[in-house]
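**Student:** the following comprises the amino acid sequence and a computationally predicted model.
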Amino acid sequence: MAVDRDTTLAWMTSFAASMEEHREELVQLDTAIGDGDHGTNMNRGMQKAVAQLAAAEQADTGAVLKTVAMALISTVGGAAGPLYGTLFLQLGTVLAGLQEVDLPSYAAAWRRALEGVQARGKAQAQDKTMVDALIPAVAALEAATDLEDGIRAAAEAAHQGALATTPLVARKGRASYLGERSAGHQDPGATSTYYLFKSAAETFAH
Amino acid sequence: MAVDRDTTLAWMTSFAASMEEHREELVQLDTAIGDGDHGTNMNRGMQKAVAQLAAAEQADTGAVLKTVAMALISTVGGAAGPLYGTLFLQLGTVLAGLQEVDLPSYAAAWRRALEGVQARGKAQAQDKTMVDALIPAVAALEAATDLEDGIRAAAEAAHQGALATTPLVARKGRASYLGERSAGHQDPGATSTYYLFKSAAETFAH
Amino acid sequence: MKKLINSPDSVVADALRGVEAAHGDRLRVTFDPFTVVRADAPISGKVGLISGGGSGHEPMHGGYVGPGMLDAACPGEVFTSPTPDQMLAATKAVNGGAGVVHIVKNYTGDVLNFEMAADLAKAEGIEVETVLTNDDVAVEDSLYTAGRRGVGVTVLVEKIAGAAAAAGRNLQEVAEIGRRVNANGRSMGVALSACTTPASGRPSFELGEDEVEIGIGIHGEPGRFREPIGSAAQLASRLMTPILEDLPFRSGDRVLAFVNGMGGTPLIELYVFYAEVAKLAAEHGLKLERNLVGNYITSLEMQGASITLLKLDDELLRYWDAPVDTPALRWGA
Amino acid sequence: MKKLINSPDSVVADALRGVEAAHGDRLRVTFDPFTVVRADAPISGKVGLISGGGSGHEPMHGGYVGPGMLDAACPGEVFTSPTPDQMLAATKAVNGGAGVVHIVKNYTGDVLNFEMAADLAKAEGIEVETVLTNDDVAVEDSLYTAGRRGVGVTVLVEKIAGAAAAAGRNLQEVAEIGRRVNANGRSMGVALSACTTPASGRPSFELGEDEVEIGIGIHGEPGRFREPIGSAAQLASRLMTPILEDLPFRSGDRVLAFVNGMGGTPLIELYVFYAEVAKLAAEHGLKLERNLVGNYITSLEMQGASITLLKLDDELLRYWDAPVDTPALRWGA
Ligand SMILES: Nc1ncnc2c1ncn2[C@@H]1O[C@H](COP(=O)(O)OP(=O)(O)O)[C@@H](O)[C@H]1O
Ligand SMILES: Nc1ncnc2c1ncn2[C@@H]1O[C@H](COP(=O)(O)OP(=O)(O)O)[C@@H](O)[C@H]1O
Ligand SMILES: [Mg+2]
Ligand SMILES: [Mg+2]
Ligand SMILES: [Mg+2]
Ligand SMILES: [Mg+2]
């Protein structure tokens, strides 16, 4: 199985379903250290994204990802909107025009996506943000030799990265206002990023 | 023991203590079918009344009662302020200048007080107001042959009158807005009127 | 009970200190007895307007003192009508020789205390006219009650009669205009939660998670009916139907619609509610010429809202639009 | 959760329908994307002013659109910053050729979305200046956070920069004045209760019967510290001390004091609180020249209050006093 337009569409459909399924959980995580909207935001954005994907023929992988990016940017709002929007925009830009994507290109695209998110949000590792799930996931992809294995490893790494945000004191985003009181809660954005890779792994396992 | 300046002063002191003691209970009764202030109102007024009684020499029974009336009118507010104010003003007017008050004069003064309250508030028997405690109390005084017995009988009658307001549907005052929902609760004003007679009975039992 | 206060006993005095600190340039606050008076009162030759009532309904009435509206307000203890000596002091402070109008909400306590005050003022040679507001259609059977309560229309009476007085109308005319506003206004309210007076410390009633009280007053009393909560659209219709039927409002009538928050309702919800009210008014054929949306006559921190509709004529509309310059209502000035 | 709404999903759109129904004569409301724009925008030659943020803070920002203040507002979902397409649409709608100022509260979401919008607007040839508000002294250690939050001072920036724009000042000047207000303003807030967003349906935190959250933002987040509740006087001092020390405010400074309710606090309590703030300000030697007391930047139905002090100079004072004509702030017009 390769990364192409159809698998990317399937991945996005799976991620949208995941955001709907985990909306409540992400809201609860965000209520503890933020303002309680992350699940609602991501779900609203991804439902809009799949609707827009369905509304027009998507030329290739890059086109799918850019459509998702624009849908997120214009419907999510909050911190997650521009950050996930940037992530998908960078992925889509690197992969533009490609019908089939191999592992090196895919890993390179993810590296650019991570850089884009960090350029926009200025978050470093251990700041207790989605970046803490992204960094190990991208590293796992880069270390892989097989696409499917790489994506599975990335999902596992994102999961560990998300779990590892729990003890951290937030230094970026809304949770940072809590200071020490932000420790002891898992970061909602890192958790949704884990679900993003989990959806990818499930899609490519089929 | 006779009704005179000193017993009237003692009665008012006792009633003020009673309003302080029963403040909470009257607030609760008024919360159920009114706005929850009757106990606070009566207590505020009676504390002011005893303070004003202490502040200046009172010439006679009538003077005591008029001082109480003016204190209540200027500090109670609500429905109870003008109604109790009128009650004490009428009592004081009838008893003005008397050093010793006998049973017939006392009963006549109470009849005038009742008439004054009804003229002001337009409440009839069974409207679920303080009038429902006043009517039987005044009747008991009028039926008595001995002052002390009469006051004791009046207190007992006021008590029965207050208890008998429970099943009534209010037709006057704030409780009337509740319609049928006012039934099942004892009227706060009838209850404070009972305490007024109870204080009198206790004062004259000494 | 959690409140931003110093003590339940001093809350009215403390709030008045705040009013004095914030608005001392245009309002004069007295503490014995409690009154809030226009700094430039009395205005010679102008009819004076005063109102008063229990505290806890802010901005009513103190927030409506100023040019174009009230000349003075008498704040009572929380939810307790003020006393005649306050009203007498206010009446004297605002009497510019043209007489004084007392705007009185129809509650036994307010009526009785204002009656006494009017007697005292008249005894001192001041002409007084009383305008009684009783616009609450929730109280249906007024023969067996203390009559309808004065609620939302009171704000409109104060504004419109205040403009008439500012325009130089005489005592009878100002009172007549105030009564006309009351006669053409109808209100009804809903509570989503109770409120807690500082003195009692406990909620005035307990509501289930999906219940509301329909037909409430403004003192935290339970309403006429306890019902399951509906959508904003359903609740608007639940209140609008009796209001529309009562006057009755007819197709083509020009109206002012006033959606009032009870104190603890966020403005976003009041606008959601107003959208439904405007829709129902349009469906009924009413011409919505003016509106007011906000917390103007409240019950402490109660969540809920009331709707007031006022049928307008040219004169009422002109006085509504006239300049007003008070802490809580201000335009054209 | 009990709210006067139709459904959690439609609450922003429904409220905007209400805003349109109530203020359609002076505001233009668009629904795709959500914007609230002055009916007479763009004003040729005038610098445009827009702001935006999550909904649930009403009257901010939509209630501040009108002559003398904002030209447009972009309401996001409840407590969620709006999106760049809203901001771009608003920017284009108010651009009268003199450029547009974006007033942005310092939250990651607001900053990032407005950044994208400014890039898009500049790409279309519109000059944009951004004024970031970050007045919340509760966030002390700004190196290890997203920086201080923009809270109460935002209202003052919108009013004062709005007046500068109305007076014909150019883009750089209007932005500079806005930044000066922010630089001279400091705020801190306290919550007595949490709030519940329609989407989550649960209170944002749980407080004990005698606890408060000190150093809250405006999104129902817990504050910096959980403490036992004190009297109004104690809480005022708890907030005033860090505010006074931070700028620092010095004896003789001329200030505007703004006591803001979080949405569910009755006005009577805000005046009690203001009395304490005024007392502390006087003890500190400040000259209290202006004040604002009410619910102006809220967190839904949260109970609590915030204090903002702004050090004034002649120019800021003049622009504060200048006429303003919006649904929520109106004087001199
Ligand atoms: N500067 C940042 N860089 C990267 N991620 C961030 C940053 N700020 C916040 N986030 C992520 O965004 C998540 C919150 O998203 P969301 O709740 O949708 O937005 P908001 O905080 O505006 O309500 C956080 O959990 C965190 O993972
Ligand atoms: N018209 C009336 N005539 C006689 N008593 C009345 C009348 N209206 C009310 N009351 C009495 O006043 C009591 C309420 O007093 P209070 O709570 O102090 O005043 P308010 O109703 O103004 O809050 C009622 O319980 C009732 O006994
Ligand atoms: Mg969030
Ligand atoms: Mg009462
Ligand atoms: Mg009362
Ligand atoms: Mg948010």
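**Tutor:** Thanks, I have it. Ligands and ions are numbered 1, 2, ... in the order given.

**Student:** going by C-alpha atoms from here, please, whenever you check contacts or count neighbours.
**Tutor:** OK.

**Student:** list the residues that contact C:L267.
**Tutor:** Applying C-alpha atoms under 8 Å, 6 or more residues apart in numbering or on different chains, we find C:L267 in contact with C:261, C:294, D:58-59, D:263, D:300.

**Student:** got a ChimeraX select line for the buried ones in those?
**Tutor:** Selecting the buried subset of those in ChimeraX, with 16 or more other C-alpha atoms under 10 Å in any protein chain shown as the burial test, is done by:
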select /C:261,294 /D:58,59,263,300
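
**Student:** adding secondary structure and pLDDT as columns, could you present the contacts of C:L267 in TSV?
**Tutor:** Formatted as TSV, the contacts of C:L267 follow (DSSP: H, G, I helix; E, B strand; the rest coil; pLDDT from 0 to 100):
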residue	secondary structure	pLDDT
C:G261	strand	98
C:G294	strand	98
D:E58	coil	98
D:P59	coil	98
D:G263	strand	97
D:L300	coil	97
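
**Student:** relative to ligand 5, which of the contacts of C:L267 is nearest.
**Tutor:** Ranking the contacts of C:L267 by separation from ligand 5, with C-alpha to the ion as the measure, puts C:G261 on top at 20.7 Å.

**Student:** on the strand side of things, show who the closest one bridges to.
**Tutor:** Judged by DSSP bridges, the bridge partners of C:G261 are C:A305.

**Student:** can you tell me how far it is from chain A?
**Tutor:** In this structure, C:G261 lies at 25 Å from chain A, with C-alpha to the nearest C-alpha, to the nearest Å as the measure.

**Student:** my guess is that residue contacts C:G294. True?
**Tutor:** Yes. Under the criterion of C-alpha atoms under 8 Å, C:G261 lies in contact with C:G294, with a separation of 5.7 Å.

**Student:** would you map the helices across chain A?
**Tutor:** Using DSSP state H, the helices of chain A run over residues A:5-21, A:23-33, A:38-55, A:61-75, A:80-94, A:103-121, A:131-143, A:147-163, A:188-205.

**Student:** list the contacts of the spatially most central residue of chain A.
**Tutor:** The structure's chain A has its C-alpha centroid closest to A:T193; by C-alpha atoms, centre = their mean the separation is 3.9 Å. The contact partners of A:T193, by C-alpha under 8 Å, 6+ apart, come to A:130, A:133-134, A:158.

**Student:** identify, from those, the entry nearest to D:Y271.
**Tutor:** The closest of those to D:Y271 turns out to be A:M130 (C-alpha to C-alpha; 43.4 Å).

**Student:** what's the neighbour count on the residue nearest to C:K159 when sequence neighbours are not counted?
**Tutor:** In space, not counting the residues next to it along the chain, C:K159 is nearest to C:M69; the distance is 5.0 Å by C-alpha to C-alpha, 6 or more residues apart in numbering or on different chains. C:M69: 32 surrounding residues under other C-alpha atoms under 10 Å in any protein chain shown.

**Student:** which parts of chain A sit against ligand 3?
**Tutor:** By the criterion of C-alpha under 5 Å from the ion, the positions of chain A lying close to ligand 3 are A:35, A:37-38.

**Student:** work out for me the element the residue nearest to C:L120 when sequence neighbours are not counted sits within.
**Tutor:** Spatial nearest neighbour of C:L120, excluding adjacent residues (C-alpha to C-alpha, 6+ apart): C:L88 at 6.9 Å. Using DSSP states H and E, C:L88 falls within helix C:84-94.

**Student:** what angle do that helix and helix B:61-75 make?
**Tutor:** Using axes from the mean of the first three to the mean of the last three C-alpha atoms, to 10 degrees, one finds that helix C:84-94 and helix B:61-75 are set 60 degrees apart in direction.

**Student:** point out where the chain drops to low pLDDT.
**Tutor:** All of this refers to chain A. Filtered on pLDDT under 70, chain A yields the residue ranges A:206.

**Student:** could you do chain C instead?
**Tutor:** For chain C, applying pLDDT under 70 flags the ranges C:141-142.

**Student:** now do the strands in it.
**Tutor:** With DSSP state E, the ranges of strands along chain C come out as C:27-31, C:34-38, C:48-55, C:72-78, C:100-105, C:128-133, C:185-191, C:211-214, C:225-228, C:254-261, C:287-294, C:304-311, C:324-325, C:330-331.

**Student:** from memory C:R330 sits against D:W331, does it?
**Tutor:** Yes. In this structure C:R330 lies within contact range of D:W331 using C-alpha under 8 Å: 6.3 Å.

**Student:** the more surrounded of those two?
**Tutor:** Higher neighbour count among C:R330 and D:W331: C:R330, with 21 against 18, using other C-alpha under 10 Å.

**Student:** look up how far C:A322 lies from that one.
**Tutor:** Using C-alpha to C-alpha, to the nearest Å, one obtains 10 Å as the distance from C:R330 to C:A322.

**Student:** now A:R112
**Tutor:** Between A:R112 and C:A322 the computed distance is 63 Å (C-alpha to C-alpha).

**Student:** cool, and A:V117?
**Tutor:** Between A:V117 and C:A322 the distance is 56 Å, computed by C-alpha to C-alpha.

**Student:** what count of nearby residues applies to residue 51?
**Tutor:** Picked chain A for this. Using other C-alpha under 10 Å, A:A51 has 14 neighbouring residues.

**Student:** chain C was what I was after
**Tutor:** Applying other C-alpha under 10 Å, we find 30 other residues in the vicinity of C:S51.
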